[in-house]
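A.B. asks: what follows is a predicted structure for the sequence shown.
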Amino acid sequence: MNNDLNANIIDNLGALLAEIADLTAKADLIKYALKDTATAPGSAGNVFEGALFKATVIETNRTTIDHKRLLADLGVSAEVIAKYSKTAAVFSVKVGAR
């Protein structure tokens, strides 16, 4: 275990991430309520105004393609797929209570 960093910094990070998670959960509940209201039958619209902010509910459709599976179905070999695939290192910091 690496204890070179000050324990207070780690505890501060954990507390901030917990606060962000709580605030995100609260914001998500409001967003779900707005979405439900905007998409309800007979809805008056998708724009909601407060004293300082305005929220607009926007619906979009997203399509994704599994390129590796598609190429494999088209008969492209795994070696060729690997040749044209890119791998990159991704770093993350996970914080949990002790």
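C.D. replies: Here it is on my side, so go on. Numbers count the residues shown, from 1 in each chain.
A.B. asks: mind checking pLDDT for N3?
C.D. replies: Listed pLDDT for N3 reads 64.
A.B. asks: average model confidence for whatever helix or strand L13 lives in?
C.D. replies: For L13, the host element (DSSP states H and E) is helix 7-39. If you average the pLDDT over helix 7-39, you get 94.
A.B. asks: and whichever helix or strand comes after it, what other elements does it pack with?
C.D. replies: Elements were assigned by DSSP H and E; along the chain past helix 7-39, the next helix or strand is strand 47-49. Judged by 3 or more C-beta pairs under 8 Å, 6 or more residues apart in numbering; DSSP states H and E, the packing partners of strand 47-49 are helix 7-39, strand 54-56. Quick note: C-beta positions are derived from backbone N, CA and C, even for glycine.
A.B. asks: so what are the sheet partners of the shortest one and their directions?
C.D. replies: Going back to what we said before, that points to strand 54-56. Strand 54-56 pairs in its sheet with strand 47-49 (antiparallel), by DSSP bridges.
A.B. asks: and the strand it pairs with, how far from the chain's centre?
C.D. replies: 24 Å (C-alpha atoms, centre = their mean, to the nearest Å).
A.B. asks: and it, what's buried?
C.D. replies: F48 (16 or more other C-beta atoms under 10 Å).
A.B. asks: of all the helices and strands packed on strand 47-49, which lies closest to G75?
C.D. replies: Taking C-beta to C-beta, helix 7-39 is the member of these nearest to G75, at 42.5 Å.
A.B. asks: I'd like to know which elements the closest one is packed against.
C.D. replies: Counting contacts by 3+ C-beta pairs under 8 Å, 6+ apart, helix 7-39 is packed against strand 47-49.
A.B. asks: cutoff 10 Å now
C.D. replies: strand 47-49, strand 54-56 (3 or more C-beta pairs under 10 Å, 6 or more residues apart in numbering; DSSP states H and E).
A.B. asks: what's the pLDDT at the residue in the chain sticking out farthest from the centre?
C.D. replies: What lies farthest from the middle of the chain is G75; by C-alpha atoms, centre = their mean that is 33.6 Å. Confidence at G75, expressed as pLDDT, is 94.
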